[in-house]
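Asker: Structure here, sequence nowhere to be found:
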C-alpha cells in the first residue's frame with residue numbers, strides 16, 4: 001500500500017512513529033509537512049496530502065496536528081478526499097467501513113503513541129462496506145462538493 005503522511009509541528013513526533021510502523025509493515029511511505037518541531041502551518045501539510053490522495057496512486061493519507069481537527073477541515077475541502085478525525089479504534093473502523101474515509105486525521109497532543117498505533121492499524125485493516133446504504137451515502141457526500149460548486153457558478 002502507498003501511504004502519505006503529513007503533519008504540522010504538533011504532530012511531527014507521532015508522524016515519525018506511525019510512518020516507521022508503516023515502513024515496518026511493508027508499505028510504501030512518503031512524508032510531507034513539518035521537518036521538525038518548529039512551527040509549521042497545518043493547512044499546508046493537509047493540502048499536500050489531499051492533492052496526493054486526489055491524484056490516485058496513493059491509497060491513504062494520514063494527517064496529524066495538535067487535535068486533528070484543523071487537518072480534517074482543511075483536507076475535506078478537496079474533492080474526493082474523505083478525511084476523518086478519529087480518536088479510538090472503533091471510530092477508525094467506522095470511518096473506513098461506513099464513510100469510506102481515505103485520510104486518517106489524529107491529534108498528536110491528544111492521543112498517546114501506543115493508542116495511535118492501534119488506531120492506525122484498525123484504519124488500514126478495515127475494508128469499505130459494500131452495502132448499498134453506505135455506498136449511497138458516500139456518493140451523496142461526494143456530490144456535496146459538486147452541488148456547492150454548481151451553486152456558486154450559477155450565482156456568477
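Answerer: Happy to help now that I have it. No experiment lies behind these values; they were computed from the predicted model shown.
Asker: Low-confidence bits of this structure, can you list those?
Answerer: For the chain, the stretches flagged by pLDDT under 70 are 145-156.
Asker: how about the helices in it?
Answerer: 12-24, 42-54, 69-75, 89-97, 113-125, 132-155 (DSSP state H).
Asker: give the contact list for residue 118.
Answerer: When contacts are counted by CB atoms under 8 Å, 6 or more residues apart in numbering, residue 118 touches residue 89. (Glycine included, C-beta is placed from N, CA and C.)
Asker: where's it relative to residue 112, distance?
Answerer: Using CB to CB, to the nearest Å, one obtains 10 Å as the distance from residue 118 to residue 112.
Asker: Residue 129 now?
Answerer: Where residue 112 is concerned, residue 129 sits at a distance of 29 Å (CB to CB).
Asker: still on that earlier bit, for residue 6, which of the helices of the chain is the nearest?
Answerer: For residue 6, the closest of those is helix 42-54, at 3.7 Å, according to CB to CB.
Asker: Which of the helices of the chain sits closest to residue 105?
Answerer: helix 69-75 (4.2 Å).
Asker: can you pull the contacts of residue 78?
Answerer: Taking CB under 8 Å, 6+ apart as the definition of contact, the neighbours of residue 78 are 47, 50, 51, 53, 54.
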